[in-house]
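1. any chance you could fold what I've pasted below:
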Amino acid sequence: MSNSVQVGMIEFIKAEDIKELAALASKIWHEYWPVILSSEQINYMVEKFQSERAIKNQIENENYTYYFINENGENIGYFGISDKKDYIFLSKLYIYGSNRHKGIGTKAFEKIKELAEGKKITLTVNKYNLNTINAYKKWGFKILDSVVTDIGNNFVMDDYIMEYCN
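-> This is a model prediction of the structure:
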């Protein structure tokens, strides 16, 4: 499998530079989440799930692969997937605000479907993240369940579990 694929002006590049990926994640999370989460929870979640240490652990121990979403040589987002036995877990799909609502997420999802090789795709999404829930529904995802997960430090993730079947 190639490490990069050109899709129009958008390219998906397997993320090898974990430091760069963690910095990009931190910027996007701090831009995106303040309307839903407190700055304390954002900082905690970035450290727990998107720091260099966390990403390295996910790649080494949880079968994660990350891809930069690159437009004209600039990383404008990323996604992370974990290949499970019977499905692909779409853990993260984030794009800078100035690049949203331009079809880039749809192109990224097309790439994710290709990587899934026919397996179903599952994800969790914050129940209050309505724009993203609507995008996933538009792409064919269905809500299967809801879950509240204690992530430590008196924080929880209040999510829907969604699934896409190829």
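2. contacting residues around stretch 16-33?
-> Where contact means C-beta atoms under 8 Å, 6 or more residues apart in numbering, the residues beyond stretch 16-33 that reach it are 15, 39, 41-42, 45-46, 50-52, 55-56, 59, 66, 68, 75, 77-78, 92, 94-97. The way it works is simple: take the backbone N, C-alpha and C, and place the C-beta from them, glycine included.
3. can you point out the buried residues in that stretch?
-> The neighbour-count check on stretch 16-33 (16 or more other C-beta atoms under 10 Å) flags 18, 21-22, 24-26, 28-29, 32-33 as buried.
4. which one of these is nearest to N134?
-> Nearest to N134, judged by C-beta to C-beta, of the buried residues of stretch 16-33 is Y32 at 15.4 Å.
5. what residue is smack in the middle of the chain?
-> K92 (1.3 Å; C-alpha atoms, centre = their mean).
6. measure how buried the closest residue in space to F89 that isn't next to it in sequence is and give me the count.
-> Spatial nearest neighbour of F89, excluding adjacent residues (C-beta to C-beta, 6 or more residues apart in numbering): S82 at 4.3 Å. Applying other C-beta atoms under 10 Å, we find 16 residues neighbouring S82.
7. likewise R53?
-> R53 has 12 neighbouring residues, counting by other C-beta under 10 Å.
8. that's all I had, so thanks and see you.
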